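**Q** Coordinates for the following, if possible.
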Amino acid sequence: MPGRVAALALAVTVVGLLLSRVVASLLIDTGVDPVAVIAAVGLFGYGLPLVAFVSVRSSLAAQGRDALGLRARWADLGWGPVTWLCCLVVQAVVGMLVLRSGVPFEGNAPDLGDDGGLPASYVVALLLLTVVAAPVVEEIVFRGMVLRALMSTMPVGAAVAVQGVLFGLAHVDPSRGIGNIGLVILLSSVGCVLGGAAVLTRRLAAPMIAHAIVNALAMAIALLA
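**A** Predicted coordinates for the structure are as follows:
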């Protein structure tokens, strides 16, 4: 995997995620329809990385027919939940350590339980964004492009750790300040588990499934809180 391709994908993803949060805040302040806010977040946060991916597909094709591990197998339907269980264990352990150490922790999930009457269209749009778009795009970028580029320049363990930290840092919300430190640590650990699964299976389907489950549970908690 060419390093410049992975660097481009990472940079576009990080910029897109940051832009999506800024745009969302501006639109919310102006009273725009919530579904339009979600659409804008998807456009900037995940549309831009997809455009970057499409623009470099010829470079990726030169690395092989399945350079990113996008071809799924039926076995991934089993490996996905197994990977999620590993994420759950790691989240529990790291989360406990973060809370006990007093590291500031504030999640990025919106507080969805206050209104009690969210439009169905908003909930559906939010679930599509977090449970479908985010797992697919972020796995292609972090476990597909970035991880494979790192593995070409450093030991596998180090590559998995570095891409995990980059994954955590990509989810920083500047508006929450130091409150995001604990979240970065937690998501970095999850990113390492997903990276390990990508290495062991040599495919992205299992990490995508696990990622989708993690996000689905986070949204369920936010909706029911």
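**Q** Now the element after the helix or strand of the chain with the lowest mean pLDDT, going C-ward?
**A** None of the helices or strands of the chain scores lower by mean pLDDT, DSSP states H and E than helix 57-61, at a mean of 62. Per DSSP states H and E, helix 57-61 leads on to helix 76-101 as the next helix or strand towards the C-terminus.
**Q** List the buried residues for that next one?
**A** Going by neighbour count (16 or more other CB atoms under 10 Å), the buried part of helix 76-101 is 76, 79-80, 83-84, 86-88, 90-91, 94-95, 98. Every C-beta, even on glycine, is put in place using the N, C-alpha and C of the backbone.
**Q** Next up, the contacts around the closest residue to Arg143 other than its chain neighbours.
**A** Once flanking residues are discounted, Arg143 sits nearest to Ala198: 4.0 Å by CB to CB, 6 or more residues apart in numbering. Contact analysis of Ala198 by CB atoms under 8 Å, 6 or more residues apart in numbering lists 69, 139, 143-144, 147, 204, 206-207.
**Q** And Ala198, how far from Leu187?
**A** 16 Å (CB to CB, to the nearest Å).
**Q** Redo the contacts of Ala198 as a markdown table? Include distance to Gly31 and neighbour count.
**A** What follows is the contacts of Ala198, written out as a markdown table (distance: CB to CB, whole Å; neighbours: other CB atoms under 10 Å):
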| residue | distance to Gly31 | neighbour count |
| --- | --- | --- |
| Gly69 | 43 | 21 |
| Glu139 | 34 | 29 |
| Arg143 | 38 | 29 |
| Gly144 | 38 | 26 |
| Leu147 | 41 | 31 |
| Leu204 | 39 | 27 |
| Ala206 | 41 | 29 |
| Pro207 | 38 | 32 |
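**Q** Farthest pair within these?
**A** Spatially, the most separated pair among the contacts of Ala198 is Leu147 and Ala206, at 13.6 Å (CB to CB).
**Q** Figure out the helix or strand that the residue nearest the centre of the chain lives in.
**A** Most central in the chain under CA atoms, centre = their mean is Glu138, positioned 4.5 Å from the mean C-alpha point. Assigned by DSSP H and E, Glu138 belongs to helix 134-138.
**Q** got the contact list for that helix?
**A** In contact with helix 134-138 (CB under 8 Å, 6+ apart) are residues 13, 45-46, 49-50, 167, 170, 207-209, 211-212, 215.
**Q** out of those, which one sits closest to Thr130?
**A** Proximity of those to Thr130 (CB to CB) peaks at Asn215, which lies at 4.6 Å.
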